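Chemist: Structure, please.
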Amino acid sequence: MSQDLDLKLIVRVEPGSLGPDGLDHVEAFCEVANKVFSKVDYIQLSFTIVPRYDKALPELELLMNDVTLPEQRATLLLDKLHVTFDQVEEEVMERISKLIDRFLGHKY
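Modeler: I've put the predicted structure just below:
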């Protein structure tokens, strides 16, 4: 894999995942999440966390050099990194879920 290859995963967060008043908090959450995810070292991916206001857009979108990869190309690329899209989705959404709990101050 080329060193200058820029792989970015856009993660769109539903306002409703932050509770009934999530629309009021989703922007702030995304700012915090971007700071946290900027420190995540995961299979050569950088992350951008944004609100998901348009449900027609996917929750996760893989970009290579700022160009959206169709699902088939994304799958092939991730195969070369020895990971599946499902594994990436599970890992990222687990981190987002834990971060939401921390952001909302949930204690279990």
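Chemist: elements contacting the worst-scoring helix or strand of the chain on mean pLDDT?
Modeler: Counting by mean pLDDT, DSSP states H and E, the chain has its least confident helix or strand at helix 71-80, which shows a mean of 91. Packing partners of helix 71-80 (3 or more C-beta pairs under 8 Å, 6 or more residues apart in numbering; DSSP states H and E): strand 60-64, helix 85-104. Every residue, glycine included, has its C-beta placed from N, CA and C.
Chemist: just the angle between that helix and helix 85-104, please?
Modeler: Using axes from the mean of the first three to the mean of the last three C-alpha atoms, to 10 degrees, the direction of helix 71-80 lies 90 degrees away from that of helix 85-104.
Chemist: Alpha carbons of helix 71-80, as PDB, please.
Modeler: The C-alpha coordinates for helix 71-80 follow below in PDB (Å, rounded to 0.1, in the frame of the first residue of the first chain):
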ATOM      1  CA  GLU A  71     -18.900  -0.600  -2.000                       C
ATOM      2  CA  GLN A  72     -17.200  -3.100  -4.200                       C
ATOM      3  CA  ARG A  73     -13.900  -1.100  -4.400                       C
ATOM      4  CA  ALA A  74     -14.000  -0.300  -0.700                       C
ATOM      5  CA  THR A  75     -14.400  -4.100   0.000                       C
ATOM      6  CA  LEU A  76     -11.400  -4.900  -2.200                       C
ATOM      7  CA  LEU A  77      -9.300  -2.200  -0.600                       C
ATOM      8  CA  LEU A  78     -10.100  -3.300   2.900                       C
ATOM      9  CA  ASP A  79      -9.300  -6.900   1.900                       C
ATOM     10  CA  LYS A  80      -5.800  -5.800   1.100                       C
END
